[in-house]
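1. Whatever this is, show me its structure:
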Amino acid sequence: MRAGQRSAAPAYHHLGRDPILLRATRKRGGWRTLLWLLVIVALSATLVAQAVYYQFDRLAAIPELRPFYEKGCELAGCELKPLIDVSRIQSRKLVVRTDPANRDTLIVDAVIVNRADFSQPFPAIALTFSNLNGDVVAQSLFPPDTYLLGEGKTLAAMPPGTPVRVAISIRDPGRDAVNYNIAFKALPQTL
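-> Have a look, this model is predicted:
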């Protein structure tokens with residue numbers, strides 16, 4: 001061999017080819033891993049339960065989640081607040097006329113329809129009269145017991161798609177009241 005040249009023999013040729021005996025080692029963390037897994041599952045379940053509890057009303061109003069809340073309340077003995085969406089209530093055939101029996105009184109007739117896919121409580125009706133400049137001359141809020149007529153009085157809630165006739169008797173706001181508007185307001189729910 002010349003200087004600077006290495007031999008062609010492998011560098012580890014002196015190692016023997018005896019088999020290496022490996023002992024099976026015991027897993028030490030089996031119980032510890034299972035315990036940590038149970039702790040993580042319990043903490044995750046607690047976090048979900050807190051979210052469900054503290055966001056109860058908001059989450060129960062989501063149509064996709066509503067059946068789960070209904071079943072849960074059935075088992076737990078609680079009661080869900082009714083679904084309310086006054087933006088889905090429409091008025092039709094709104095007519096304001098003078099009461100023939102009393103010239104100082106106006107009668108407001110309308111038909112209201114719940115366009116939501118669910119029954120909802122009757123709203124309060126906000127009736128506003130304004131002058132030609134748009135200034136409010138008179139404004140009143142009427143709860144359901146003051147405007148429901150006939151069969152409407154027997155209904156516990158507004159069924160979807162069913163027209164309900166309403167009539168409101170009010171004092172005439174005067175000659176300046178040339179425009180009128182009807183709006184719906186949700187009533188606070190008490191359980």
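2. Next secondary structure element downstream of the lengthiest helix in the chain?
-> With residue count as the measure and DSSP state H as the assignment, the chain has helix 30-54 as its longest helix. Next along the chain after helix 30-54, taking DSSP states H and E as the criterion, comes helix 56-60.
3. outside of the longest helix of the chain, which residues touch it?
-> The set of residues external to helix 30-54 that reach it, using CB atoms under 8 Å, 6 or more residues apart in numbering, is Leu59. In this view, the C-beta of every residue, glycine as well, is placed from N, C-alpha and C.
4. distance between that helix and the chain's centre?
-> Taking CA atoms, centre = their mean, to the nearest Å, one finds helix 30-54 lying 27 Å from the centre of the chain it belongs to.
5. what do you get for stretch 108-123?
-> Between the mean C-alpha location of stretch 108-123 and the chain-wide mean there is a distance of 19 Å, by CA atoms, centre = their mean.
6. same deal with stretch 66-81?
-> Between the mean C-alpha position of stretch 66-81 and that of its chain there is a distance of 14 Å (CA atoms, centre = their mean).
7. Now do the buried residues in that stretch.
-> Buried residues in stretch 66-81, counting neighbours by 16 or more other CB atoms under 10 Å, are found at 69, 80.
8. picking that back up, buried stuff in the longest helix of the chain?
-> Neighbour counts over helix 30-54 (16+ other CB under 10 Å) mark no residue as buried.
9. cool, stretch 161-169 as well?
-> Applying a neighbour-count criterion of 16+ other CB under 10 Å, the buried positions in stretch 161-169 are 164, 166, 168.
10. Also stretch 112-122?
-> For stretch 112-122, burial by neighbour count (16+ other CB under 10 Å) applies to 112-114, 116, 118, 120-122.
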